[in-house]
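Need coordinates for the following:
(2 chains)
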Amino acid sequence: PCWRVMIALEEKNLKGYNQRLLAFEKMEHKSEEVMKMNPRGQLPAFKHGDKVLNESYAACLYLENQFKSQGNKLIPDCPAELAMMYQRMFEGLTLQQKMADVIYYNWKVPEGERHDSAVKRNRESLTAEIKMWEGYLQKTSGGFLAGKTFSLADVCVYPGICYVFHFGLCEERYPKLAAYYNRLKDRPSIKASGPPTWLENPQGQDMLKDI
Amino acid sequence: MAKDMTLLWGSGSPPCWRVMIALEEKNLQGYNHKLLSFDKKEHKSQEVLDINPRGQLPSFKHGDNIVNDSYAACFYLESQFKSQGNALIPDSPAEQALMYQRMFEGLVFYEKLNAVIYYKWFVPEEERHDSALTRNKEALATELKLWEGYLKKLGSGSYLAGKSFSLADVTVFPTVAYLFRFGLSAERYPVLGEYYALLKDRPSIKASWPPHWLENTKGQDTLKEI
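As a prediction, the model looks like this:
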């Protein structure tokens, strides 16, 4: 979610915004500084003047609407691409959910409530979801999620795609997704905002190797 | 225009309801629609799968444009029909920002509601725990207090983003209606109760009110103690 907002800011030529990197492991997302901006104690926490937009999709949509005429256009004019953009953006939330259900299972579920059957079901669900996205990229010509142009769909979903590969998803098994991932990683807005810890250690864990 | 639209929906499903409210608000009455039954697994029928490979409702098509996700459909409709019906995205940056923020918090709200009322639907019997359901109920109570606070700060008669009805209300009102249908106490949550009363007679909402709620006006009391 944080990365989405940073990509959007870069795309809209809004570099120079004030920012602070906080550590989840040190519980800094529950600090008073964050709670003041976001009573949910979650990141990202984003403010433009006195307008608070902590939900990443809200911030992205707001930025595109308020800064339509600067930087890159992130919402296509063509109704078919626009429809596809919105559809993929929101399916992106499902992808994120299913990823989190697998990757963060032990974080979210107390020990006494964990079940192998649930882990298995979550992995199967994520596999089906990833296969679906591989299919989408096979069917959509143009190289981006909504078609020929980079849009809010890519802003919102690319971080998730990057994440699954970071956690070991097999590139050979999902060639279209891998191509998308590799093609976009050098896009200026994405390179400029990539999570700092990953740049030092590009290969993460291999939890999703067998997905 | 409405004639080129098809909506496959299920009664009472908040996501379906959102799209129907948006269609009404944009004066797109006359769209083709079919009511399907979740209980009879009609959401997994070929008719649905042809539009929506996920086998979920709502499934929505406008010409060749398929927009199944309820939020996506609402944004699509507002963007394509901006100049007709009611404006659903405020011009003022502050109201707009608040609208977007509440819309997406609305997804969290909906999720926490489902985690309580559909606990048994989502969790297989062998994996259920009283501790989990209790935790889900507490999470919902915390969430409810947040929304009660949001509306209180804006003052009586306000919509979620401020003075005008917006996509925030289109997307979140169905969740609020569901809460009261399932027994939420209006005494405990007076501001939410007021918001519910304010909106339930709005034409677009009345026109799309779940038919099975009209047949059977008594709801459930799952949320009575929240």
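
Distance check, residue B:185 against residue A:88.
40 Å (Cβ to Cβ, to the nearest Å). Every C-beta, even on glycine, is put in place using the N, C-alpha and C of the backbone.

From the neighbour counts alone, determine which of those two ranks first.
More crowded of residue B:185 and residue A:88, by other Cβ atoms under 10 Å in any protein chain shown: residue A:88, with 25 against 16.

Now the helix or strand harbouring that one: buried residues?
Assigned by DSSP states H and E, residue A:88 belongs to helix A:79-103. Of all the residues in helix A:79-103, those buried under the rule 16 or more other Cβ atoms under 10 Å in any protein chain shown are A:81-93, A:95-96, A:98-103.

Check which helices and strands that helix sits against.
Here helix A:79-103 touches helix A:116-139, helix A:152-166, strand B:65-66, helix B:70-80, going by 3 or more Cβ pairs under 8 Å, 6 or more residues apart in numbering or on different chains; DSSP states H and E.

export these to CSV and tack on distance to residue A:71 and mean neighbour count?
CSV is the format used below for the helices and strands packed on helix A:79-103 (distance: least, Cβ to Cβ, whole Å; neighbours: other Cβ atoms under 10 Å in any protein chain shown):
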stretch, distance to residue A:71, mean neighbour count
helix A:116-139, 25, 15
helix A:152-166, 12, 24
strand B:65-66, 26, 20
helix B:70-80, 20, 24
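
To residue B:4, which of the ones you listed lies closest?
strand B:65-66 (9.3 Å; Cβ to Cβ).

centre of the chain versus that closest one, how much separation?
21 Å (Cα atoms, centre = their mean, to the nearest Å).

Tell me the strands beside that strand, with direction?
strand B:59-62 (antiparallel) (DSSP bridges).

tell me the mean pLDDT for the strand it pairs with?
Average pLDDT, strand B:59-62: 97.

to the chain's geometric centre, what's the distance from it?
Worked out by Cα atoms, centre = their mean, strand B:59-62 lies 17 Å from the chain centre.

go on, stretch A:2-15?
On Cα atoms, centre = their mean, the centre of stretch A:2-15 falls 12 Å from the chain's centre.

Ok, stretch B:41-56 next?
20 Å.

Please point out which parts of it sit buried.
Buried residues in stretch B:41-56 (16+ other Cβ under 10 Å): B:42-43, B:48, B:51-52, B:54, B:56.

can you check stretch A:185-197 too?
Neighbour-count burial for stretch A:185-197 [16+ other Cβ under 10 Å]: A:187, A:189-190, A:193-194.

Keep only those of those residues that are in helices.
A:189-190, A:193 (DSSP state H).

Which residues does stretch B:106-114 contact?
Contact partners of stretch B:106-114, identified using Cβ atoms under 8 Å, 6 or more residues apart in numbering or on different chains, comprise A:93, B:14, B:71, B:122, B:136, B:139-140, B:143, B:147, B:168, B:171-172, B:175, B:178-179.

give me that answer again for 7 Å
With contacts defined as Cβ atoms under 7 Å, 6 or more residues apart in numbering or on different chains, stretch B:106-114 is touched by B:14, B:139-140, B:143, B:147, B:168, B:171-172, B:175, B:178-179.

And for stretch B:189-205?
B:21, B:24-25, B:144, B:147-148, B:151-152, B:156-157, B:169, B:173, B:176-177, B:180, B:186.

mean confidence score for that stretch?
97.

buried stuff in that stretch?
B:189, B:191-196, B:198-199, B:202, B:204-205.

again with stretch B:148-167
B:148, B:150-151, B:154, B:158-162, B:164-167.

Centre of the chain to that stretch, how far?
17 Å.

how's the chain carved up into domains?
This is for chain A. A:1-67, A:79-193 (the TED database).

that's the wrong chain, I meant chain B
B:2-80, B:93-215 (automatic domain parsing).

What is the neighbour count of residue B:224?
Going by other Cβ under 10 Å, the residues that sit close to residue B:224 add up to 11.

now do residue A:54
With other Cβ under 10 Å as criterion, residue A:54 counts 22.

How about residue B:99?
28.

Contact residues of chain B facing chain A?
B:64-69, B:71-72, B:75-76, B:79-80, B:93-94, B:96-97, B:100-101, B:103-105, B:124, B:126-127, B:129, B:131-132, B:146 (Cβ under 7 Å from any Cβ of the partner chain).

filter those residues to the buried ones?
Using 16+ other Cβ under 10 Å, the buried ones in those are B:65-69, B:71-72, B:75-76, B:79-80, B:96-97, B:100-101, B:103-105, B:127, B:132.

Let me have the domains of chain A in CSV, adding distance to residue B:89 and mean pLDDT as columns.
Listed next are the domains of chain A as CSV, based on distance: least, Cβ to Cβ, whole Å; pLDDT from 0 to 100:
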stretch, distance to residue B:89, mean pLDDT
domain A:1-67, 8, 95
domain A:79-193, 13, 95
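
Which member of the contacts of stretch B:106-114 is positioned nearest residue A:140?
residue B:171 (26.5 Å).

and that closest one, how many neighbours?
Around residue B:171 there are 30 residues (other Cβ under 10 Å).

Ok, the one 4 residues further on next?
Around residue B:175 sit 21 other residues, with neighbours defined as other Cβ under 10 Å.

Roughly how far does it sit from residue B:111?
In terms of Cβ to Cβ, residue B:175 sits 10 Å off from residue B:111.
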